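Novice: Sequence plus the predicted model coming up.
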Amino acid sequence: MLQVKTCSITVSNGTMNVSFHGAAGPATSSNSFSIRHIFVTVSGVEISADGSSQWDEIAPELENKPIQIDLLADDVTAEQRLVEAQVAPGNYSAVRLRVAPESVNANFAPGENMCRSAGVNCAVDWDGAIRSLIFALDGVQKGVHGRDAGAPDVLIASTQISGGLLRILPEAATNVDILFRADLSSAARDGESLVLTPIFGVESSNSQSTGVAADPNK
């Protein structure tokens, strides 16, 4: 009897290095005041192939150890690293940033939270005044003093990604830079808070082979 041997092909993962770069200058505002910093605490980063149904969390460690980034970092070339993750190769058309709820405040070491008593997401005026941050997304205000107290998920759609998608290659590193578009975002004072409608962009580049193979158990 003829025996046919079968073999399986293992497709190796790619490495996705996700970093954030601040914007030059303050966000636009309907009130005549300047913003020095906008601190946002990120508790997760998700990617999707279709931008709607299936989302893959690539930074689960941020849930217990979130990272606070400054959307208006002084130096636009300053890199704020978010995560390095092993990702299945393919094309991804959307990125979603999960903003941490106020309850994660207890996870910060003393001095790590730049928002102090204003929560974990805030804005700082040039005079040093700290304002709690309210996100205005899809017509709903979210934040410590927003109509919806839950933390928002900030969607970065394919139209905001350079080339329309992220291409992750097997055994290769893809550098993904998330950019805060201050020129397209809007901010307005609301009492002691700042209402922010943020717009982000994404740029990516592929580099050399990483030599890291996929885990066959995943």
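Specialist: The structure has been received and is ready for your questions. Numbering: from 1, shown residues only.
Novice: Residue nearest the middle of the protein, spatially speaking?
Specialist: Closest to where the C-alpha atoms of the chain average out (CA atoms, centre = their mean) is L97, at 3.9 Å.
Novice: Give me the nearest residue to it, chain neighbours excluded.
Specialist: V154 (4.3 Å; CB to CB, 6 or more residues apart in numbering). No exception for glycine: its C-beta is placed from N, CA and C like everyone else's.
Novice: returning to that earlier point: show me the contacts for the residue nearest to the centre of the chain.
Specialist: V42, G44, V45, D153, V154, I156, I178, F200 (CB atoms under 8 Å, 6 or more residues apart in numbering).
Novice: What is the nearest of those to Y92?
Specialist: The closest of the contacts of L97 to Y92 turns out to be I156 (CB to CB; 10.7 Å).
Novice: The closest one touches F200, doesn't it?
Specialist: Yes. Using CB atoms under 8 Å, I156 is in contact with F200, at 5.0 Å.
Novice: Show me whatever sits in contact with both of the two.
Specialist: Contact criterion CB under 8 Å, 6+ apart; residues shared by I156 and F200: L97, I178.
Novice: Give the pairing partners of the helix or strand G44 falls within; include direction for each.
Specialist: Per DSSP states H and E: G44 is located in strand 35-48. Strand 35-48 has its sheet partners listed here by DSSP bridges as strand 56-57 (antiparallel), strand 67-70 (antiparallel), strand 94-99 (antiparallel), strand 122-125 (antiparallel).
Novice: wait, which of those strands is closest to R167?
Specialist: Nearest to R167, of the strands paired with strand 35-48 and by CB to CB, is strand 94-99 at 13.4 Å.
Novice: which parts of the closest one are buried?
Specialist: Residues of strand 94-99 classed as buried by neighbour count (16 or more other CB atoms under 10 Å): A94, V95, R96, L97, R98, V99.
Novice: right, and the first one touches D153 too?
Specialist: Read it as A94. No. The criterion here is CB under 8 Å, and A94 misses it with D153 at 11.0 Å.
Novice: who's Q80 bridged to?
Specialist: Beta-bridge partners, per DSSP bridges, of Q80: F20.
Novice: The contacts of L97, buried ones only, as a ChimeraX selection?
Specialist: Of the contacts of L97, the buried ones can be selected in ChimeraX as follows, counting by 16+ other CB under 10 Å:
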select :42,44,45,154,156,178,200
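Novice: which regions of this structure lie under the pLDDT threshold?
Specialist: Residue ranges of the chain with pLDDT under 70: 1-10, 24-33, 74-79, 105-106, 138-151, 208-218.
Novice: Look up how far N121 lies from the closest residue to Q160 other than its chain neighbours.
Specialist: Once flanking residues are discounted, Q160 sits nearest to G201: 5.1 Å by CB to CB, 6+ apart. Separation of G201 from N121 (CB to CB, to the nearest Å): 20 Å.
Novice: Same question for E171.
Specialist: In this view, E171 and N121 are 37 Å apart by CB to CB.
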